[in-house]
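Trainee: no sequence for this one, just the structure:
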């Protein structure tokens, strides 16, 4: 059996295979990465996001802020969960009713806005209690693929 070194076609085929696998991996990574970023875009600026970014060191402050805002937040969050369930229920119903789905999405949009309006003052209060380093970590987390406290990425410079 000939070795790869003595057969240029076999060597070219192997090189082509390696290159194609490398390029396919890059493409797959890019596709999956963009889907993760889009999904992550809708998880930012929540108390869960802040907890994930700040870790255990931020939990006492977050608990303190949450307890002060919970009475306004919890009903909005329940409405949001119910609206999401409403969308799922309409999607699962046969025969499909496009108008019912549009109404369910309108309710979801309104519930999302109401929840954000209740949540943002809590996040503003939390940010005011954080150290400058902690606020920088929150700022940097918005630009990172991962919002873990271990990642040390800096936000992009403008």
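Mentor: That came through fine. The model shown is predicted, which means the values in this text are computed figures rather than measured ones. Numbering: from 1, shown residues only.
Trainee: so what are the domain limits for this protein?
Mentor: Per automatic domain parsing, the domain ranges recorded for the chain read 7-41, 45-141.
Trainee: By mean pLDDT, show me the worst of these.
Mentor: Comparing mean pLDDT across these, the weakest is domain 7-41, with a mean of 68.
Trainee: ok so, going back, deepest-packed of the domains of the chain, please.
Mentor: Most buried of those by mean neighbour count (mean count of other Cβ atoms under 10 Å) is domain 45-141; its value is a mean of 15. C-beta coordinates here come from the backbone N, C-alpha and C atoms, glycine included.
Trainee: Could you tell me how far that domain lies from the centre of the chain?
Mentor: What separates the centre of domain 45-141 from the centre of its chain is 12 Å, taken as Cα atoms, centre = their mean, to the nearest Å.
Trainee: Now do the strands in the chain.
Mentor: With DSSP state E as the definition, the chain shows no strands.
Trainee: can you map out the helices along it?
Mentor: Secondary structure of the chain (DSSP state H): helices located at 8-41, 47-54, 59-92, 98-129, 132-141.
Trainee: quick check: angle from the shortest one to helix 59-92?
Mentor: Right, helix 47-54. With axes from the mean of the first three to the mean of the last three Cα atoms, to 10 degrees as the basis, helix 47-54 and helix 59-92 are set at 130 degrees to each other.
Trainee: packing partners for helix 47-54?
Mentor: Counting contacts by 3 or more Cβ pairs under 8 Å, 6 or more residues apart in numbering; DSSP states H and E, helix 47-54 is packed against helix 59-92, helix 98-129, helix 132-141.
Trainee: and of these, who's closest to residue 46?
Mentor: helix 98-129 (6.7 Å; Cβ to Cβ).
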